[in-house]
Structure formats: structure tokens, C-alpha cells
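Visitor: My questions concern the predicted model and sequence given below.
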There are 2 protein chains.
Amino acid sequence: MSNQPKKNVSKKRITLIDVAKDAEVSRATASLVLRGSSLVSSATRDRVHASMKKLGYVYNRAAASLRAQSSHAIGLAVTDITNPFFAELVISIEARMDEKNYSVLMMNTSEDLDKQERFLQSMHGYQADGLLLCPAPGTSQDTIEQLKLWQLPCVLIARHVPDTDYDYVGADNIAGTTMAVEHLLSIGHQRIAFLGGSAQSSARQERLTGYKKTLQGNNIEFDPSLTVESPVSRDGGFAAVKELLQLSAPPTAAICYNDVVAFGAMLGLQSESRQPGVDFGIVGFDNIADAALVRPALSSISIPPAQIGEAAARLLLARIGDPAMPVQRIILQPELVIRNSCGFHR
Amino acid sequence: MSNQPKKNVSKKRITLIDVAKDAEVSRATASLVLRGSSLVSSATRDRVHASMKKLGYVYNRAAASLRAQSSHAIGLAVTDITNPFFAELVISIEARMDEKNYSVLMMNTSEDLDKQERFLQSMHGYQADGLLLCPAPGTSQDTIEQLKLWQLPCVLIARHVPDTDYDYVGADNIAGTTMAVEHLLSIGHQRIAFLGGSAQSSARQERLTGYKKTLQGNNIEFDPSLTVESPVSRDGGFAAVKELLQLSAPPTAAICYNDVVAFGAMLGLQSESRQPGVDFGIVGFDNIADAALVRPALSSISIPPAQIGEAAARLLLARIGDPAMPVQRIILQPELVIRNSCGFHR
DNA sequence: AATGTTTTTTAGATCGATCTAATTTTTAGA
DNA sequence: TCTAAAAATTAGATCGATCTAAAAAACATT
């Protein structure tokens, strides 16, 4: 019995060998066809393609990755996918990579440094061809430098890591808050707060720099009590604005770390019977789709995620193609979109 | 010159062989340690672990996948990650899978059947251990059945595929719209529309069924003109509600396919100088975080994405563990969260 | 000390594609 | 027709882990 050829072997996987046999070529030739090489004649190519279709061949990437030391996949880590800014970013990156036949392995780090570290390890293990990383605040230089040891190309998105020279794509945060402060000043606000975000985030540092500089440029002294940190969430914004309202001399307006925080701040104001856009000015950052929807509609500094994603994807592909290419930093210019949340009717 | 040992070989990858050599054991033993096998003595285990750390060993998953015909990765396809419902779903799935040391390969299909098909192929190519799939509307039976051929376990999320028997996790859509209709009737609405979504979506079909049944149960005739399709987006909802308002006998309330559509509908109403919650009732579906934030706050049928994700992940892991296990369908009960968008002050 | 068990370790084959370094075939040129 | 060059094809080694089946070591039992 047991000497009989096994009957219950449900079905072996179709491999290149099967295809090659069927098309009467060598494994090597079949492999060339697979990769669209111009070395192979069109007659053979067609024959192999026909066999592949006939047998239902499916490429085994694990085998290819092992041999070629490259997976045709890239890793993408964002800190918070529930933030529409990142959701849009992810979509644009995926679309672009898909076009180039790259797979995208995505992870949400939730700003957790350990999780991020595991992600990097895992990407090395998967032989990812490159990484798009929105680093969690507090990411160390060492963390990033190990990627060089692994020769794993990486483009940073939206946030820097101090003391590293990596490709980077982001928005001009300083210009963003500069515009926001100037607008708020122009409509009569004098005490303007900067609300939310984590102090370790480079994006926040830059936004804060623009804020401080512009205040100083307008002869307004920077008041540290008007700058509060918070988790990057609605709840964070909610709590932070309440804190501000407790001050003996509370602000009349706030520039928020981003729109999500701004939404929370608006709720916080309402819970204290203040009306954003009437007796308090709010400006967000990112200009996500919801900014136009909430009431009052949120004024926001627009940094189009699709463009950032697009640029980052393109840059990473270029970097993968030429690891020796000089480091690039692409800074996109933001725009201030004024809606109804800044108003200050004295 | 060229006979010299190559000096510029930057650094070979550290493999199990290196570790084994350093720890003075065989490759096989080192592999066992890697997988936490109980076959190996604790003394050897420690020695191997030490060598791994010392040499900076990183697991090569491609090699492991090839040999073991399993990648310890699962595929996750959702239709629209910019929808916070799916964003939350993704997070909960990722968290759970991460816990079990599975990687998640995510794709956004944008409801594109071709893209979805490529995703499935790609997952087979990557030797994914399983799939979590929110099928795009119009997904064919064949598409799904090929997964069986590939012996690729799959759990469907939130939407069915007709005539298939796959594991499934979703909400009781019929119960959801039943509650919504009953609530709207109870506060005096008589002409209630069903707004948005794609007719091919099983989720919509179920929601529509609940809607129709409940109307009939309350002796209200179903009026087909009150049911409109739309893309699942804000813009879709915006256009759809305007269409409804054009009717000679327009509705006084609408149950929306989901919250995103509902937000668009609210904007559409406002653009026609109607006030949702005052002269028109709106109910959404999903109860995403923004529902509480918009003004008026949106009443919505709550189906917690985290719970669905959690359940789906658990089910998939069980299925991977035991492919012969009977098919399971997990239906979670929704809740109606009443806020300020239904009101109808005659 | 001899034997049987259990625990621990291992050699060698293997997964399925790609790479290298040829070889074979075709085309071009004289 | 012959040779050189170009185009097309291929055999065999290889990537780095896991699996199988068996051997070696450690431990009991008589």
C-alpha cells in the first residue's frame, strides 16, 4: 500500500520547472520570460506565457527574494493611520508603488518605539527593498543608522530624526505656522496659543519655531504658558484647550498641532460654552477633508498628503535605483486655507 | 590583483550558519532555538541566543518562507482606508496579529476588482498564511474559490460574497437599519429614504432589507424612488441627498449607507438651506469618531470596528491552525446611538 | 557493565526562483 | 562557404532557513 504513488497529494504547487517543461525550454529561460528580459525571443516568450496561463502558474516571491536578495516590496510605517492625513498619504504611496509593481507592507506604529523597531527588523528580514518611514517621536539616531548597516534605503516622511542625513519629504512647517500667526494677528488676535503635539516631534518643533519667530517679528513676547503639549488626538486637543482656558490671561486664539487636535480643541471650547470662530480663533494643520465639514469650518494649513506621498515614493524608487545618489530633502510649500474658525468679532 | 581575497565586500549578511559556528552547534540546532523548540537544552539555547545577539543576526524570512511554505504573514485588504471605520479596523487587526508575531501585508483596493485580484495573486506569491478580506462589491465567486485551490485560508469582513461559504465576521446590518427606521418613525418621520452605497455591496443589501422590512412591518409602502445609490464618499452623499430633495414628494429623513455618506448628505442639505436635525432627519451607519463631532452630532448605528477586527483576526488564526474546522459566521449586534441629527420639530 | 529510554543534536536534502558563466543558435560580413 | 559577432538559450550553483530521519549523548534500570 504505502509503496503506491501517493494519491492524496492534493496538488503540488506549479513551479517554474513545470512551466519550463511544458513550454519545452529551460528553467533559466522561463525565468527570463518572467522578468520580461529582452534576451529571449518573442516566439519563446509567447510559448512560455501560454504555458504559464495554461498551468495557472503563480510566482513564488519567497524563492525569488531569497535568491535575488530583494523582495520587490517596500515597508511603510506611519504613526497613526486613523489620522486622515496619514490615510491619504498611505493611499497615494500605495497607488504609486502599485504602478511600479512594488508591494507595500504597511505598519501602524502608534508612535510606539518598540513597535517601530520591530518593524524595521522585520523589514530587513523580509528583504524589503526600501522603507518609507514616518518616525515616531523620540526615534534615536542609532535606530536609523542600523538601516545603513543593512544597506536598506529609507526615506523619512513628515518628520526628521535628529543628527541624521536621510532623504526626506515633508512640508515647510515654519512657513505654515508663520502664515497662520500672521493671519490671526491681522484679524486682531494678540494672545495666540500653540496647542498640542509631542515635544519630541520634529514637525512640532518646526511649527513651534515658525510660531515663535513670527510673534517676535511682530513684537509680541513669547509666553511659554501659551504652549501646551498633548497627545495627537481629539482627546488631547480637548484637554489641552481646557487647560489654556484656566489661565489667568487666557489666549483668544490657538494654532493647533494638527487638525485632529484642532477638532478636539473645538469640542473643548464648546464644552466650556465658548464658540470657536466667534469668541475664540482656531487654526489647524494638514487641512484634512473633515476640516471643511465641521462647524464652524476649520481654517487650516494645507499640506497635501497625496503630493507628499507621491514625492516620497518617487524619491525612494530613485534611491533604490541609485544608492549612491546624493541625499535629497524635498520641502513642499503649505497654503493657509481660511474658513470660519478664526473669526474674532470684538 | 584579482586573485586577492576581495577586500571591498562590505559585509556579508549574518546567517544561521554564522550563528551556529559561533555557538558551536549545528545549523539545525540553531534553527530549533530560533523557533523556540523545547527539544533543545536550555544551556545550548542560551549559547545560541548569545551568539545571535553578539553577531547581530536578523532572521531571513524569505528563506524560511520558501522552505516552510509559510510566511507568518497575513494579507489584509480593505476597500477604503480613508474611511475611519476601516482605519480602526486595520489598527485592531494589526495589533492582534502583531501580538501573535504575524506580519500584516495591507492593501487598499479602492473597490477596484482588478487591484483586488492582483492582491490575491500577490498574497499567494508571498505564501501568506491567510487573508482577511473586505471584498470589493462585485467580487465573483470564482475569485474567492481560487483561494481554496491555493489552500489559502480567508476570512471575509463586513461583506459577503454571494454563493460562497467562507468564514465571516460582520455586523447584523438588518438589525441596525431596523432600529434606525423604528427610531425615525417614533419621532414622527413617515417618508424615510435610504441613501447611498453601491447596490452590489452585500452590506448595503442587508441594510436595505432591514429598512424595507421595517417599513412594511409598520404599514408603510416601500417607495423605490426613496432609495438612491451613490459612491461611498462624502461627495456621493452630497449629490444623493440633493437628488432626493428634487422629488415632488421628498423624504423628511434618510438612513445613510454609512457615516461618510451621511456627512456628505448633511453638507448637501445645508447647501440647500436645510438644517439636518431640524427640518430633516439623518442617521448614519458605523458610528465613527467624527459622528460625535460634526454639528449637528450625527445619530448613527454603531458597529465597533475594533471588535470586528479582533474577532476576524482571532477567527483567521483559528482557521490557519485548523483548516478543517467548520465554517464560522460571527455576527455582532449593532447599537443605535442617538444624537442630534434625527430631530424633526413639526 | 549491559541494556533500554529519553533527550539532545545533527547531516544532508530541500523549497523555487535567480545568477553566473558558459554553450548553442542565428545573423552578418567577407 | 567560412568566420566573427550578436542573439538566444542553458546547466549548475546558489540564496538561508527548515525538514526528515537518524545518530549521539545522557539518563535509568536491571
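Guide: Received it, and whenever you're ready, just let me know what you need.
Visitor: and chain A, which of its residues are near DNA strand C?
Guide: A:12-13, A:15-17, A:27-28, A:31, A:34-35, A:57, A:59-60, A:63-64, A:66-68 (C-beta under 7 Å from any atom of the strand). C-beta coordinates here come from the backbone N, C-alpha and C atoms, glycine included.
Visitor: For ChimeraX, write the selection for the buried entries among those residues.
Guide: Buried subset of those, written as a ChimeraX selection, criterion 16 or more other C-beta atoms under 10 Å in any protein chain shown:
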select /A:15,16,31,34,57,59,60,63,64,66
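Visitor: buried residues in stretch A:291-303?
Guide: A:291, A:293, A:294, A:295, A:296, A:297, A:298, A:299, A:300, A:301, A:302, A:303.
Visitor: for stretch A:217-230, same thing?
Guide: A:226, A:227, A:228, A:229, A:230.
Visitor: now swap in stretch A:317-327 and tell me
Guide: A:317, A:319, A:320.
Visitor: Just the residues contacting that stretch, thanks.
Guide: Residues from elsewhere that reach stretch A:317-327 (C-beta atoms under 8 Å, 6 or more residues apart in numbering or on different chains): A:100, A:102, A:129, A:130, A:151, A:153, A:155, A:165, A:166, A:167.
Visitor: give me phi/psi at the last one?
Guide: Looking back up the chat, that one is residue A:167. Phi and psi for residue A:167, reported as degrees, to the nearest 10, are phi -60, psi 150.
Visitor: ok, now the fourth one?
Guide: Residue A:130 has phi and psi values of phi -170, psi 170 when expressed as degrees, to the nearest 10.
Visitor: Nearest residue to residue A:93 in space, please, no chain neighbours.
Guide: residue A:309 (4.2 Å; C-beta to C-beta, 6 or more residues apart in numbering or on different chains).
Visitor: Now do the contacts for the one you found.
Guide: A:88, A:89, A:90, A:91, A:92, A:93, A:96, A:157.
Visitor: which one is the last one nearest to, not counting chain neighbours?
Guide: Of all residues beyond its chain neighbours, the one nearest residue A:157 is residue A:134 (4.6 Å), with distances taken as C-beta to C-beta, 6+ apart.
Visitor: State the distance from the one you found to residue B:276.
Guide: Here residue A:134 is placed at a distance of 36 Å from residue B:276 (C-beta to C-beta, to the nearest Å).
Visitor: who's more crowded, those two?
Guide: Higher neighbour count among residue A:134 and residue B:276: residue B:276, with 27 against 23, using other C-beta atoms under 10 Å in any protein chain shown.
Visitor: The more buried one reaches residue B:282, doesn't it?
Guide: Yes - between residue B:276 and residue B:282 there is a contact under C-beta atoms under 8 Å: 4.8 Å.
Visitor: closest to residue B:84 among the buried residues of stretch A:291-303?
Guide: Each of the buried residues of stretch A:291-303 was scored against residue B:84 by C-beta to C-beta, and residue A:293 proved nearest at 12.6 Å.
Visitor: Any idea how many residues pack against residue A:43?
Guide: 8.
Visitor: Residue A:88 now?
Guide: Around residue A:88 there are 20 residues (other C-beta under 10 Å).
Visitor: can you check residue A:158 too?
Guide: Count around residue A:158 with other C-beta under 10 Å applied: 25.
Visitor: what residues are up against it?
Guide: A:89, A:134, A:169, A:170, A:171, A:203, A:308.
Visitor: With secondary structure and pLDDT added, can I get the contacts of residue A:309 in a markdown table?
Guide: Below are the contacts of residue A:309 laid out as a markdown table (DSSP: H, G, I helix; E, B strand; the rest coil; pLDDT from 0 to 100):
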| residue | secondary structure | pLDDT |
| --- | --- | --- |
| A:88 | helix | 94 |
| A:89 | helix | 96 |
| A:90 | helix | 94 |
| A:91 | helix | 93 |
| A:92 | helix | 95 |
| A:93 | helix | 96 |
| A:96 | helix | 93 |
| A:157 | strand | 98 |
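Visitor: List only those of those flagged as buried.
Guide: For the contacts of residue A:309, buried by 16+ other C-beta under 10 Å: A:88, A:89, A:90, A:91, A:92, A:93, A:96, A:157.
Visitor: quick one: which helix or strand includes residue A:155?
Guide: strand A:154-157 (DSSP states H and E).
Visitor: Following the chain past that strand, name the next helix or strand.
Guide: Taking DSSP H and E, what comes next after strand A:154-157 is strand A:167-171.
Visitor: Report the distance from that next one to the chain centre.
Guide: Relative to the centre of its chain, strand A:167-171 is centred 10 Å away, using C-alpha atoms, centre = their mean, to the nearest Å.
Visitor: got it, and stretch A:24-36?
Guide: With C-alpha atoms, centre = their mean, you get 38 Å for stretch A:24-36.
Visitor: avg pLDDT for it?
Guide: Stretch A:24-36 shows a mean pLDDT of 95.
Visitor: where do the strands sit along the stretch 151-300 of chain A?
Guide: A:154-157, A:167-171, A:192-195, A:227-228, A:253-256, A:281-286, A:299-302 (DSSP state E, counting those that start in this stretch).
Visitor: So for the longest one, mean pLDDT?
Guide: The one in question is strand A:281-286. 97.
Visitor: now the residue of the stretch 201-346 of chain A found nearest DNA strand D, what's its secondary structure?
Guide: Nearest residue of the stretch 201-346 of chain A to DNA strand D: residue A:323, at 18.0 Å (C-beta to the nearest atom of the strand). Assigned by DSSP: H, G, I helix; E, B strand; the rest coil, the conformation of residue A:323 is coil.
Visitor: And it, how far from residue A:313?
Guide: Counting by C-beta to C-beta - residue A:323 and residue A:313 are separated by 17 Å.
Visitor: likewise residue A:321?
Guide: In terms of C-beta to C-beta, residue A:321 sits 13 Å off from residue A:313.
Visitor: okay, and the common contacts of residue B:276 and residue B:282?
Guide: Going by C-beta under 8 Å, 6+ apart, residues that sit against residue B:276 and also against residue B:282 are B:265, B:266, B:269, B:341.
Visitor: residues in contact with the second one?
Guide: By that I understand residue B:266. By C-beta under 8 Å, 6+ apart, the neighbours of residue B:266 are A:293, B:237, B:276, B:282, B:294, B:296, B:298, B:341.
Visitor: Going by distance to residue B:108, which of the residues you listed wins?
Guide: Nearest member of these to residue B:108, counting by C-beta to C-beta, is residue B:237, at 20.3 Å.
Visitor: and which of the contacts of stretch A:317-327 is nearest chain B?
Guide: residue A:151 (7.3 Å; C-beta to the nearest C-beta).
Visitor: And the pLDDT at the closest one?
Guide: Confidence for residue A:151, expressed as pLDDT, is 88.
Visitor: Is whatever helix or strand residue A:28 lives in positioned near chain B?
Guide: Using DSSP H and E, residue A:28 maps to helix A:27-34. No - judged by C-beta under 8 Å from any C-beta of the partner chain, helix A:27-34 makes no contact with chain B; its nearest approach is 11.4 Å.
Visitor: Need the contact partners of that helix.
Guide: Outside helix A:27-34, the residues that reach it (C-beta under 8 Å, 6+ apart) are A:16, A:17, A:19, A:20, A:23, A:39, A:40, A:44, A:45, A:48, A:49, A:59.
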